[in-house]
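Participant: Turn this into a structure:
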Amino acid sequence: MEYNDIIQKLKSISDPEAVKGMARFGINPENTYGVSIPNLRKMAKETGVDHDLAQRLWESNIHEARILASMIDDPKMVAEAQMDAWVNDFDSWDVCDQCIMNLFEKTKIAYQKAVEWSARDEEFTKRAGFVLMARLAVSDKKADDTHLEKFLSILERESTDNRNLVKKAVNWALRQIGKRNLNLNKMAIKAAREIQQIDSKSAKWIASDAIRELTSEAVQKRLSKKK
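Facilitator: Numbers count the residues shown, from 1 in each chain. All right, here's what the predicted structure looks like:
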C-alpha cells in the first residue's frame, strides 16, 4: 500500500465512537481515527516492511498512522536520532507502548535507550524507558541475567515518581524481570522489598503489587518447572 492509499484507508474505517472510548482510557483523541490494532496489523501485513514509508506515516501526525509506522519500519535501519525524535513526539501511552513493542525493542541500542530514557523527566519518554525494560525481559531470550539485573537499581531510583503512566511502567518492568527465571525472581523480590521501605505511596504500590505476583504460587511453580 502507498502512503495516500493508507491515509485514505484509515479515514474510511475510522470510528468516532471508538475515539470516545479511547479518550476514556487516557488515549489522546487528537488526530485519532479510532482504528483498531488488529486492523492496523492487517494493513501492516499488506504493506510490508518499508523504512521510508514509515517515516512519512510518522510525520503525518495521525495517531494510527504512527502506530502503523512502528509496525512496518525496519529496526535495522532505525538510527538513534530517529528513536529520540519519535520518543519526543509521544503524546499517548498506546503510541509509546506500540512503538516499543513493534520496533524499538528490536534495535541494537535498546538497552542503552532504556537506561537513558528512564532518567529523563518527560512523562512519555520516561515511560518508554521502563516499557522497553519490561519488553526486553520478555522478548530478548538470549540476554544474560546481568543485563536485566542492571535495571533493578534504576527501578528503585525512579519508584517515587507518582505519575500514573510512569509508576505503572516501573511496576511492569519489575514484574517482567522477576518472571524471567528463578534467579531474577529472587533479585526482583529483593529489590521490591527495598522499594517497599521507601517513604512514598508510589513506591509502596509498585513494590506491593510486584511482590504479590512474584511470590505467588502460580509464578513460583512456573519458574520451578522452567528451571
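Participant: from here on, contacts and neighbour counts on C-alpha atoms
Facilitator: Noted.
Participant: And Asn216, what's its pLDDT?
Facilitator: One correction, residue 216 is Ser, not Asn. Here the pLDDT value assigned to Ser216 is 97.
Participant: For burial, what's the neighbour tally of it?
Facilitator: Counted with other Cα atoms under 10 Å, residues neighbouring Ser216 total 11.
Participant: quick one: Thr160 and Gln196 touch, right?
Facilitator: No: counting by Cα atoms under 8 Å, Thr160 does not reach Gln196; the two are 10.5 Å apart.
Participant: Next, show the common contact partners of these two.
Facilitator: Ala203 (Cα atoms under 8 Å, 6 or more residues apart in numbering).
Participant: Walk me through the domains of the chain.
Facilitator: Per the record, the chain has its domains at 1-92, 109-227, by automatic domain parsing.
Participant: With distance to Cys99 as added columns, please give those domains in CSV.
Facilitator: Below are the domains of the chain laid out as CSV (distance: least, Cα to Cα, whole Å):
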stretch, distance to Cys99
domain 1-92, 5
domain 109-227, 9
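Participant: Out of the helices and strands in this structure, which is least certain?
Facilitator: For the chain, scoring each helix and strand by mean pLDDT, DSSP states H and E identifies helix 16-24 as the least confident one, at a mean of 78.
Participant: Against which helices or strands is it packed?
Facilitator: Helices and strands in packing contact with helix 16-24 are not found; criterion 3 or more Cα pairs under 8 Å, 6 or more residues apart in numbering; DSSP states H and E.
Participant: to the chain's geometric centre, what's the distance from that helix?
Facilitator: Distance of helix 16-24 from its chain centroid, counting by Cα atoms, centre = their mean, to the nearest Å, is 21 Å.
Participant: Output it as CSV, nothing but the C-alphas.
Facilitator: Provided in CSV are the C-alpha atoms of helix 16-24 (Å, rounded to 0.1, in the frame of the first residue of the first chain):
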residue,chain,number,x,y,z
PRO,A,16,-15.8,8.2,16.1
GLU,A,17,-17.3,6.1,18.9
ALA,A,18,-14.1,4.2,19.3
VAL,A,19,-12.2,7.5,19.6
LYS,A,20,-14.5,8.5,22.5
GLY,A,21,-13.8,5.1,24.2
MET,A,22,-10.0,5.6,23.7
ALA,A,23,-10.2,9.0,25.3
ARG,A,24,-11.8,7.4,28.4
